[in-house]
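**Student:** pasting the structure only:
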């Protein structure tokens with residue numbers, strides 16, 4: 001494998017680990033709104049993506065002599081990619097579901113507050129006449 005490709009794959013892996021570390025610190029400090037399950041999914045997804053980087057790096061150096069070996073290599077690579085995509089989609093659905101729920105709660109509080117203001121205004125107008 002050319003050294004620049006290995007360096008690129010290493011930089012991508014380092015970036016993934018740094019991003020995960022940042023997410024973890026935000027999660028631990030309480031400023032991140034993800035659940036524990038989502039954080040675990042993000043850790044697993046990062047691990048799967050790093051494993052995929054290693055598979056790609058190893059595949060560049062391998063010389064496949066049989067079709068079966070080539071098929072196994074691509075099957076492993078595609079399986080790892082599919083797992084990473086599935087975890088990412090699950091995480092996205094959980095984030096959207098939570099945002100939708102929080103938005104509905106916010107609208108509910110706002111409409112309750114508006115109704116209270118209207119009641120107090122109409123009571124004030126009735127008392128003023």
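**Tutor:** Yes, it's here. Quick caveat: nothing in here was measured; it's all calculated off a predicted structure. Numbering: from 1, shown residues only.

**Student:** from here on, contacts and neighbour counts on C-alpha atoms
**Tutor:** Will do.

**Student:** can you pull the contacts of residue 77?
**Tutor:** By Cα atoms under 8 Å, 6 or more residues apart in numbering, the residues touching residue 77 are 52, 55-56.

**Student:** again, only this time at 7 Å
**Tutor:** Applying Cα atoms under 7 Å, 6 or more residues apart in numbering to residue 77 gives the contacts 52, 55.

**Student:** pLDDT on whichever strand or helix holds it, on average?
**Tutor:** According to DSSP states H and E, residue 77 maps onto helix 67-128. Along helix 67-128, the predicted local confidence has a mean pLDDT of 89.

**Student:** Ok, stretch 34-54 next?
**Tutor:** Across stretch 34-54, the average pLDDT comes to 89.

**Student:** Show me what counts as buried in it.
**Tutor:** Buried positions in stretch 34-54, judged by neighbour count with 16 or more other Cα atoms under 10 Å: 34, 38-39, 41-43, 45-54.

**Student:** and the residues you listed, which two are the farthest apart?
**Tutor:** Spatially, the most separated pair among the buried residues of stretch 34-54 is 34 and 54, at 28.3 Å (Cα to Cα).

**Student:** between the buried residues of stretch 34-54, which is closest to residue 97?
**Tutor:** Looking across the buried residues of stretch 34-54 and measuring by Cα to Cα, the closest to residue 97 is residue 34, at 11.3 Å.

**Student:** what's that closest one in contact with, if anything?
**Tutor:** If you count contacts by Cα under 7 Å, 6+ apart, residue 34 has none.

**Student:** Just want the phi and psi numbers for it.
**Tutor:** phi -80, psi 150 (degrees, to the nearest 10).

**Student:** what does the one 10 residues further on give?
**Tutor:** Residue 44 has phi and psi values of phi -60, psi -40 when expressed as degrees, to the nearest 10.

**Student:** Could you check how far it is from residue 51?
**Tutor:** Going from residue 44 to residue 51 by Cα to Cα, to the nearest Å gives 10 Å.

**Student:** Residue 122 now?
**Tutor:** Using Cα to Cα, one gets 65 Å for the distance from residue 122 to residue 51.

**Student:** Likewise for residue 16?
**Tutor:** For residue 16, the distance to residue 51 equals 12 Å [Cα to Cα].
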